[in-house]
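# okay, sequence plus prediction incoming.
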Amino acid sequence: MGLLDGSGFSLPVFSEVNVVDVQIDVTESAQLAMKKSMEGDENTHVLIISAEAGGCSGYLYDMKITEDPKDDNFQRIRIGNVSILIHNKDSSLLNGIKLDYKDTLMGGGFQIENPSADRECGCGQSFG
């Protein structure tokens, strides 16, 4: 059989992306944590926040500090000396989020509150 009979072959699914101008709220503790994490790399590196398919509620938050991709498909939000990038494909999912940093006895980390999420997992990492 193989590709000629169509078995095992599928076309990519294309869906139109609704791009919105992203507005986010970053708490003072999150700003301090971002500044500490960058440690002098603010001019060359950025924090990228994205929404990946998966998790028990439909999407997972992903955050990473990486070298600035200088890509026009990202929206750039300046918080002090730090740039936060959100890809246009994620803009409708992440618009209005609140980025916070909590330091607790059980460990600390960044937390995202998403007022537009219909549902969230108890772990705080998954939303839909």
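On my side now, so go ahead. Numbers count the residues shown, from 1 in each chain.
# give me the element Lys35 is part of.
Element membership for Lys35 (DSSP states H and E) is helix 28-38.
# so which elements touch whichever helix or strand comes after that helix?
Later in the chain than helix 28-38, the nearest helix or strand by DSSP H and E is strand 45-54. For strand 45-54, the elements it packs on are helix 28-38, strand 58-67, strand 82-87, helix 91-94, judged by 3 or more Cβ pairs under 8 Å, 6 or more residues apart in numbering; DSSP states H and E. For the C-beta atoms, the positions are set from N, CA and C on the backbone; glycine is no exception.
# okay, now the sheet partners of the second one, with direction.
Strand 58-67 has the following sheet partners, assigned by DSSP bridges: strand 45-54 (antiparallel), strand 126-127 (antiparallel).
# how about the first one: buried residues?
Meaning strand 45-54. 45-51 (16 or more other Cβ atoms under 10 Å).
# quick check: closest non-adjacent residue to Val19.
Nearest non-adjacent residue to Val19, counting by Cβ to Cβ, 6 or more residues apart in numbering: Asn88, 4.6 Å away.
# swap in Ser29?
Among residues not flanking Ser29 along the chain, Tyr101 sits closest, at 4.4 Å (Cβ to Cβ, 6+ apart).
# which SS state does that neighbour fall under?
strand (DSSP: H, G, I helix; E, B strand; the rest coil).
# and it, how many neighbours?
19 (other Cβ atoms under 10 Å).
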